[in-house]
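[1] after the sequence you'll find the predicted model.
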Amino acid sequence: MILTSIYIAFGDFMTFDSTKYTGLPHGYLDYHYILMHFEEEDIAKKASKIQSLFSKQTKKWTDQLNSEWIARNYLSAKFILSTNLLASSLDYSIDRNLQTVVPYLSYYSILTASRSYLMTLPNVSWNDGSILTYTHDKTIKIVSDSLRTINKEIADDFQEKVYYLKAIRELFSYKFPSTGIDCVTNKSMIGLNDTLNYCGLLCELAQLNSEFLEASFNKNAEKRRFPIIEEIFWGIMQYEDRPSQISFVDDFDWERIAQWTRTERPVNLTLSMREGWIDDFFASWEEGSHSDNDDFIPNPRIVFSVP
């Protein structure tokens, strides 16, 4: 796989200045994966395409679009935190030889990062929140197609990787081979390096898209006020499953969404991330810890360096 060798060379950090493409006075300062995977011409091509797509929307900006994109940015940021959590769990499991969960964590780490990127794609409609219910296959296809517009080789490699992980996960979800993890002939595919590479890349692309959106809003829609439509946000903080009679509103989501909507405009993901939000998110997965050396302590920056 092409990404394994790239990850090994990770010690050579290259800096990526997103403001060169967005025109914003500020940007995420810890981009690493984008320049590790794409050439400058790939990035320039992506910038031109994304700017054009966002411009078509921000020139006709409405209260509806404004609230939709704030909601999408919130979800994308939360999926970045979730990706860091899942990737931390994968790292912990590999380190402690918990092989049974590795196929699941490898796959869901990349799938969650894919959903973070999906939320920021201007060519994918919100459509009353149906984007949240996209199947795994639909999510993978949209993300693969988007990567293909930047670099075909990377897109093909990503698609091969994620479908392989999906197949391995299903092996152990349905038939569960008696030989266990030894049935996986290409163990590097479910290992840490490739997974972290793609998770990092997709999260950075989500961040970059959010910067393009902020820049486009500033250029085309900043002079007007767009009141928040509260109904749009109920669907992303209310969790319901009728067969199991699960139904609740997440207080944590409610509080954070209230903070995100305060500015009444979409800004880039890391600009909206607050240290308290990040700490609270990961602390909820550390409950019951006894500070033992063997306890699971998630790394909130394993694939994307949150503020």
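    Cool, got the structure. Bear in mind that the values here come from a model prediction, so they are computed numbers and not experimental data. Numbering: from 1, shown residues only.

[2] where are the low-confidence patches of the chain?
    Residue ranges of the chain with pLDDT under 70: 1-14, 185-191, 287-294.

[3] hey, where'd the strands end up in it?
    Under the criterion DSSP state E, strands of the chain are mapped to 238-241, 246-249.

[4] in a markdown table: the ones you listed, plus distance to Glu68 and mean neighbour count.
    Placement of C-beta: from N, CA and C, glycine included. Listed next are those as a markdown table, based on distance: least, CB to CB, whole Å; neighbours: other CB atoms under 10 Å:
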| stretch | distance to Glu68 | mean neighbour count |
| --- | --- | --- |
| strand 238-241 | 17 | 11 |
| strand 246-249 | 20 | 10 |
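
[5] which stretch among the ones you listed comes nearest Thr149?
    Closest of the strands of the chain to Thr149 is strand 238-241, at 33.7 Å (criterion: CB to CB).

[6] check which strands are paired with that closest one and give the direction for each one.
    With DSSP bridges as the test, strand 238-241 is paired with strand 246-249 (antiparallel).

[7] now the strand it pairs with, how far from the centre of its chain.
    Chain-centre distance of strand 246-249: 24 Å, with CA atoms, centre = their mean, to the nearest Å.

[8] swap in stretch 162-181?
    The answer for stretch 162-181 is 24 Å, by CA atoms, centre = their mean.

[9] can you check stretch 29-39 too?
    Averaging C-alpha positions (CA atoms, centre = their mean) puts stretch 29-39 15 Å from its chain's average.

[10] send me that stretch as PDB with only the CA atoms.
    Extracted in PDB, the C-alpha atoms of stretch 29-39 (Å, rounded to 0.1, in the frame of the first residue of the first chain):
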ATOM      1  CA  LEU A  29      -1.800  25.500  11.700                       C
ATOM      2  CA  ASP A  30      -1.200  21.800  12.000                       C
ATOM      3  CA  TYR A  31      -1.900  20.400   8.500                       C
ATOM      4  CA  HIS A  32       0.400  17.400   7.900                       C
ATOM      5  CA  TYR A  33      -1.400  14.800   5.800                       C
ATOM      6  CA  ILE A  34      -2.600  16.900   2.900                       C
ATOM      7  CA  LEU A  35       0.900  17.600   1.600                       C
ATOM      8  CA  MET A  36       2.000  14.000   2.300                       C
ATOM      9  CA  HIS A  37      -0.700  12.800  -0.100                       C
ATOM     10  CA  PHE A  38      -1.200  15.500  -2.700                       C
ATOM     11  CA  GLU A  39       0.900  17.500  -5.000                       C
END
